[in-house]
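Asker: Can you look at this prediction? I've put the sequence above it.
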Amino acid sequence: MRRQQTLVAAGIIFFALIGTTVQAQSLKAFEIDKDHSAVVFKIKNRGISFVVGRFNDISGTISINKRSRPSELTVTAEVNPRSVDTGVRKRDRHLKGKDFFDTSTFKTIRFETKEFKRQDEDKSKFELTGVLTLLGKKQSMTLIYEHLGVKTMPDKSIRIGGQTSFTLKRSEFGMNHMIPEIADEVTVTVYLEAKLSAQPAA
């Protein structure tokens, strides 16, 4: 009897694992289009104004389980810190140096979703918990991501869009230069558009 119970339990675990694998594989990946996406930041300067900038080079994927009202959504995004652009070349060179992004050592800023939860009160918004890697330091963070929809374009490509905004403290990643003249807190807004990846032939 005990042996039968053990076999039944093992079978349940086995099929549960299969279900988890199939669920993960069922997510459709859309590749982020950097020409139609932006990572924009603003930071308070000397307490009286803001410096605004953006990163021009972003890549990664948005994955969903279905096009109409998805219940599962994940984002993996990488930003090239050398693409920082505040409209002032001298300032951009400083930002790329060791005082800030140290781009000669750290080649990417990365966010990867580890858990997701659709917000019940708004089915277009997802709570994404993941890991942000900046200056080689990893930190767990949770953000609210708004899914803006999926659309088939005139060229028959299928595209998806979304956005999020969050605040982080640069000191938590070891970027302490010029605090408090330049604020510790940075507000980041991300606008994403992505194209459905080519599906393998059956």
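Answerer: Thanks, I have it. All figures in this text were calculated on a predicted structure; none of them were measured in a lab. Numbers count the residues shown, from 1 in each chain.
Asker: Partner strands of the helix or strand hosting E115 and their direction?
Answerer: Using DSSP states H and E, E115 sits within strand 109-118. Sheet pairing of strand 109-118 (DSSP bridges) gives strand 73-79 (antiparallel), strand 125-134 (antiparallel).
Asker: Restricting the selection to alpha carbons, write it to CSV.
Answerer: Taking Å, rounded to 0.1, in the frame of the first residue of the first chain, the C-alpha atoms of strand 109-118 are listed here in CSV:
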residue,chain,number,x,y,z
ILE,A,109,22.9,46.7,-17.5
ARG,A,110,20.4,43.9,-17.2
PHE,A,111,17.0,43.1,-15.8
GLU,A,112,15.6,39.6,-15.8
THR,A,113,12.1,38.6,-14.6
LYS,A,114,12.0,35.8,-12.0
GLU,A,115,8.4,36.0,-11.0
PHE,A,116,5.3,37.6,-12.5
LYS,A,117,1.8,38.3,-11.2
ARG,A,118,-1.1,39.9,-13.1
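Asker: next one: it to chain centre, how far?
Answerer: Remark: strand 109-118 is offset 6 Å from the chain centroid, using Cα atoms, centre = their mean, to the nearest Å.
Asker: tell me which residues in it are buried?
Answerer: Residues of strand 109-118 classed as buried: I109, F111, E112, T113, F116, R118 (neighbour count, 16 or more other Cβ atoms under 10 Å). (Each C-beta comes from the backbone N, C-alpha and C, glycine too.)
Asker: need the next SSE after the lowest-mean-pLDDT helix or strand in the chain, C-terminal direction.
Answerer: Lowest by mean pLDDT, DSSP states H and E among the helices and strands of the chain is helix 2-25, with a mean of 41. Next helix or strand after helix 2-25 toward the C-terminus (DSSP H and E): strand 28-32.
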